[in-house]
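A.B. asks: quick one, structure for this:
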Amino acid sequence: MSDDWLATAHALADRAREISLRWFRTPLTVDLKADHSPVTEADCRIEAMCREQLAARYPSHGILGEEFGGVRADAEFVWLIDPIDGTASFISGLPLWGTLIALLQRGQPLIGMIDAPATAERWSAARGDIALFRAAGKSPQACRSSGCNQLSGARLCAPSPDSFVAQQADAFRRLSAQVAIRRHGGDCYAYGLLASGFLDLVVEIDLAPHDHLPLVPVIEAAGGVITDWSGRPLGLHSTGDVVAAATPALHHQALAVLAPGS
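C.D. replies: Numbering: from 1, shown residues only. Okay, the predicted model is just below:
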């Protein structure tokens, strides 16, 4: 069934791209949710479309989305939808936001997709298969993470250092001081760049399942490793701290800095 599920994810991403690009770099009404994060009509329309399509095609499947919560969340198969990952970038006219889609089976990611509408790029993977990258106007190609095995040569991407607080801020500063190159921002696009071998390490905190679980099949199929800061697999009940690395060796070194003794 993975081909059918992936085809569905591609179809959803195609339609989501059409909707988001109609609203991108136009005057927008921005509302604040209870957690003070921004939301736009584009976020809501994309998620509503995905829910309608999935309910019609897979009525027994659950759906968990950023904007409208969960239905049938205890089903064997559950779809995760993040309609616009990086809404702050979206409303600021920056192009590095995307749509994230995943299908879980008993809480484990089966397929994952990162779609970047503004750059017309897409990364996708099914568990146990290869990761694919598709650029605008081109056929999908296999992609692979870099072979970086040392922090001293790593290219790191993370949110603003202001995002990290208390002990996590101290840990991030230690890690940042040991890498070769550090860049900030990028949202889900950074994980696509890691899967394609252009970044070696991505570190974040405070992510929700719809933020991080769609990334798991892509990163793993590309040869990378993605866990929480303690090295535990990501799941529906993860704490939200995420470290993705190009290789197991690099991941091990990053964990040793972020969570000594883990």
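
A.B. asks: alpha carbons only for contacts and neighbour counts from here, please
C.D. replies: Noted.

A.B. asks: so how far does stretch 158-174 reach from one end to the other?
C.D. replies: 13 Å (CA to CA, to the nearest Å).

A.B. asks: ok now that stretch, how far from the chain's centre?
C.D. replies: 19 Å (CA atoms, centre = their mean, to the nearest Å).

A.B. asks: end to end on stretch 105-125, go ahead and measure it.
C.D. replies: Criterion CA to CA; first-to-last residue distance in stretch 105-125 is 15 Å.

A.B. asks: and that stretch, how far from the chain's centre?
C.D. replies: With CA atoms, centre = their mean as the basis, stretch 105-125 stands 7 Å off its chain's centre.

A.B. asks: do the same with stretch 175-187
C.D. replies: Centre-to-centre, stretch 175-187 and its host chain are 17 Å apart (CA atoms, centre = their mean).

A.B. asks: report the buried residues of it.
C.D. replies: Neighbour-count burial for stretch 175-187 flags 175, 176, 178, 179, 181, 182, 185, 186, 187 (criterion: 16 or more other CA atoms under 10 Å).

A.B. asks: and what of stretch 46-55?
C.D. replies: 46, 47, 48, 50, 51, 54.

A.B. asks: which of these fall within helices?
C.D. replies: Among those, the ones falling in helices (DSSP state H) are 46, 47, 48, 50, 51, 54.

A.B. asks: closest to residue 37 out of those residues?
C.D. replies: Nearest to residue 37, judged by CA to CA, of these is residue 47 at 16.5 Å.

A.B. asks: what residues does that closest one make contact with?
C.D. replies: When contacts are counted by CA atoms under 8 Å, 6 or more residues apart in numbering, residue 47 touches 65, 67, 68, 81, 82, 83.

A.B. asks: switch the cut-off to 10 Å
C.D. replies: Residue 47 is in contact with 12, 16, 53, 64-68, 81-84, 99, counting by CA atoms under 10 Å, 6 or more residues apart in numbering.

A.B. asks: swap in residue 160?
C.D. replies: Going by CA under 10 Å, 6+ apart, residue 160 touches 183, 184, 185, 204.

A.B. asks: what ranges do the helices span in this protein?
C.D. replies: Here the chain has its helices, by DSSP H, at 2-23, 41-57, 87-91, 166-178, 189-195, 209-212, 215-221, 248-258.

A.B. asks: just the mean pLDDT for the longest one, thanks.
C.D. replies: By that I understand helix 2-23. What helix 2-23 shows for mean pLDDT is 95.

A.B. asks: check stretch 132-140 too.
C.D. replies: Summarised as a single mean, pLDDT over stretch 132-140 is 94.

A.B. asks: try stretch 217-232
C.D. replies: The average pLDDT within stretch 217-232 is 97.

A.B. asks: could you do stretch 153-166 as well?
C.D. replies: For stretch 153-166, the mean pLDDT works out to 94.

A.B. asks: take the ones in helices among the buried residues of stretch 46-55 and write them to TSV, including pLDDT and distance to residue 231.
C.D. replies: Listed next are those as TSV, based on pLDDT from 0 to 100; distance: CA to CA, whole Å:
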residue	pLDDT	distance to residue 231
46	96	33
47	95	31
48	96	34
50	97	32
51	96	32
54	97	33
